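Colleague: Predicted model, plus sequence, below.
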Amino acid sequence: MDGGRHPGPPRGRPGLRDLRREPARVPPRGCLPGAVANRLRRLLDRQAPAGLLVGQAIGVSAKRSSYFVPDLFVAGEDALDRGGAALDPADVLLVVEVISPNNAGRDLMLKRHEYAAAGIPRYWLVEPRKQTLAVLEHVGGGYREATQVGVTDVYRAEAPFPLAFAVADIF
């Protein structure tokens with residue numbers, strides 16, 4: 001470098017900027033919800049039996065809208081073989097949303113309502129700031145909270161498959 005000046009953005013690569021001059025823009029969702037979702041996916045994936053998929057980045061059809069992309073889902077692996085723009089909710093055993101501050105209403109109200117209308121049996125809400133996991137079960141057309149566990153707890157369940165993990169491991 002000459003005289004302490006930073007070089008400009010690389011030539012011939014539009015859209016790149018010199019991060020030493022311009023601070024990186026944090027995506028609205030931030031990194032924490034994504035990190036929590038990835039940790040939980042790894043924990044569930046290690047315990048999932050053959051034939052079940054713990055997945056991310058695939059849409060789930062909703063009855064009143066086109067589809068939502070949950071942070072995590074559990075479905076039969078054969079559901080992917082059917083193709084289509086999104087998974088059929090009848091194939092989905094669990095959806096998980098990691099609540100981010102700027103999107104909480106969407107996860108707590110809109111998605112909860114839509115996933116329930118679609119008949120998805122289980123909906124987990126992970127709250128990174130409170131370090132809690134709320135487990136909701138589909139009952140009579142809506143969801144009821146079956147349990148809420150905190151960072152000092154071990155969560156155990158038989159559905160969507162037998163599993164156990166320390167809640168602290170996802171935070």
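Modeller: On my side now, so go ahead.
Colleague: pLDDT weak spots in this protein?
Modeller: Within the chain, the stretches with pLDDT under 70 are 1-30, 63-65.
Colleague: now the strands for it?
Modeller: Secondary structure of the chain (DSSP state E): strands at 52-55, 60-61, 67-68, 72-76, 92-98, 122-127, 132-139, 142-150, 154-157, 163-166.
Colleague: Can you tell me how far residue 120 is from residue 150?
Modeller: 24 Å (Cβ to Cβ, to the nearest Å). Any C-beta I mention is one placed from the backbone N, CA and C, and that applies to glycine too.
Colleague: Of those two, which one has the most company?
Modeller: Neighbours were tallied for residue 120 and for residue 150 using other Cβ atoms under 10 Å; the higher tally belongs to residue 120 (25 against 14).
Colleague: residue contacts, that one?
Modeller: If you count contacts by Cβ atoms under 8 Å, 6 or more residues apart in numbering, residue 120 has them with 60, 89, 92, 93, 94, 95, 138.
Colleague: Next up, phi/psi of the most centrally placed residue in the chain, please.
Modeller: The residue lying closest to the centre of the chain (Cα atoms, centre = their mean) is residue 71, at 1.6 Å. Backbone torsions for residue 71, taken as degrees, to the nearest 10, come to phi -70, psi -30.
Colleague: which one is it nearest to, not counting chain neighbours?
Modeller: Take residue 71 and drop its neighbours on the chain: the residue closest to it by Cβ to Cβ, 6 or more residues apart in numbering is residue 37, 4.2 Å away.
Colleague: so the one you found makes contact with residue 73?
Modeller: No: applying Cβ atoms under 8 Å as the test, residue 37 and residue 73 come out as separate, 10.9 Å apart.
Colleague: Between the two, which is the more surrounded one?
Modeller: Ranked by neighbour count (other Cβ under 10 Å), residue 37 and residue 73 place residue 73 first, with 27 against 20.
Colleague: Tell me what that one is bridged to.
Modeller: Beta-bridge pairing of residue 73 under DSSP bridges involves residue 55, residue 95.
Colleague: Also residue 143?
Modeller: Legend: beta-bridge partners of residue 143 under DSSP bridges are residue 138.
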